[in-house]
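Colleague: Let's see this in three dimensions:
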Amino acid sequence: MKADEVRKTAFAMPLTSPAYPPGPYRFVDREFLVITYRTDPEKLRALVPEPLAVEAPVVKYEFIRMPNSTGFGDYTETGQVIPVSFEGRKGGYTHCMFLNDEPPIAGGRELWGFPKKLAKPSLHAEIDTLVGTLDYGPVRVATGTMGYKHREADLAVVKASLLTPNFLLKIIPHVDGTPRICELVEYYLEDVTVKGAWTGPGALSLMPHALAPVAELPVLEVMSAIHILCDLTLGLGKVVHDYLKP
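Modeller: Prediction:
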């Protein structure tokens, strides 16, 4: 293969059989369980990188079921999103994510900088309860529960919350192990259609784990729980801060 052929065909690794296709990435019947809770403000500030600013000691723990996604297939993920602000724009900083599918792990890390790791999350209805779990190996790390569809939520308010900016810390090392890319990335969800949204009583339990440290941000008080069903497109990002530039 000639050098110009490499330049023309290179998109992702492996060169001749990339782990994921080019976008756009459309998600149909994407289902969220989001439990918002109050946590320790000092521990929260210690984990959020500048120039993002933490305005309140709040964390959103998300369980997301994705049965139909372009190029990525059928999978589930879970993780913590921290409400932040950047240059006056309020949004969410994704602190950690765990999922059970290799293409979105590779694509998420390489394209956007999503902090994805391999684990075993789940989200399903169990009789009258929506149940989200995270297992890392044989160890149960997180359990979230919510009363199933107790009250309808305002769809316009829910859609507005999904359209706010999202922030990621993208890190790619050089071949010598030093950081070659260290950037703050901003991205948006696009073409969002909210098919339904419900609130209800919620509970969240986080257990300490060396490699899935979600309990580093302890649950002091559950503030709300919401269940969302929607279609959306995951937009590509832009770099808003380069940590390697003076």
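
Colleague: could you measure G137 against F98, distance?
Modeller: 11 Å (CB to CB, to the nearest Å). Just so you know, the C-beta spots here come from the backbone N, C-alpha and C atoms, and that holds for glycine as well.

Colleague: Give the residues shared as contacts by these two.
Modeller: Common contact partners of G137 and F98 (CB atoms under 8 Å, 6 or more residues apart in numbering): A119.

Colleague: which stretches of the chain have low pLDDT?
Modeller: Nowhere does the chain drop to pLDDT under 70.

Colleague: That one: helices as residue ranges?
Modeller: Applying DSSP state H to the chain gives helices spanning 3-9, 41-47, 102-107, 155-162.

Colleague: roughly how far out does the second one sit from the chain middle?
Modeller: This points to helix 41-47. Taking CA atoms, centre = their mean, to the nearest Å, one finds helix 41-47 lying 19 Å from the centre of the chain it belongs to.

Colleague: same deal with the first one?
Modeller: Mean C-alpha position of helix 3-9 versus that of the full chain (CA atoms, centre = their mean) differs by 33 Å.

Colleague: Now it - C-alpha only, CSV.
Modeller: Taking Å, rounded to 0.1, in the frame of the first residue of the first chain, the C-alpha atoms of helix 3-9 are listed here in CSV:
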residue,chain,number,x,y,z
ALA,A,3,1.7,6.3,1.4
ASP,A,4,-0.9,8.3,-0.4
GLU,A,5,-3.3,5.3,-0.2
VAL,A,6,-2.8,5.2,3.6
ARG,A,7,-3.6,9.0,3.8
LYS,A,8,-6.7,8.5,1.7
THR,A,9,-8.1,5.5,3.6
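
Colleague: Just the residues contacting that helix, thanks.
Modeller: Applying CB under 8 Å, 6+ apart, the external contacts of helix 3-9 come out as L15, T16.

Colleague: Save the helices of the chain as CSV, and put in mean neighbour count too.
Modeller: CSV is the format used below for these (neighbours: other CB atoms under 10 Å):
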stretch, mean neighbour count
helix 3-9, 9
helix 41-47, 13
helix 102-107, 20
helix 155-162, 15
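
Colleague: Turn these into JSON lines, columns for distance to T94.
Modeller: Output for these, formatted as JSON lines (distance: least, CB to CB, whole Å):
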{"stretch": "helix 3-9", "distance to T94": "31"}
{"stretch": "helix 41-47", "distance to T94": "12"}
{"stretch": "helix 102-107", "distance to T94": "13"}
{"stretch": "helix 155-162", "distance to T94": "14"}
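
Colleague: count of neighbours near the residue lying closest to I172 once chain neighbours are set aside?
Modeller: Spatial nearest neighbour of I172, excluding adjacent residues (CB to CB, 6 or more residues apart in numbering): I181 at 4.0 Å. When neighbours are counted by other CB atoms under 10 Å, I181 registers 15.
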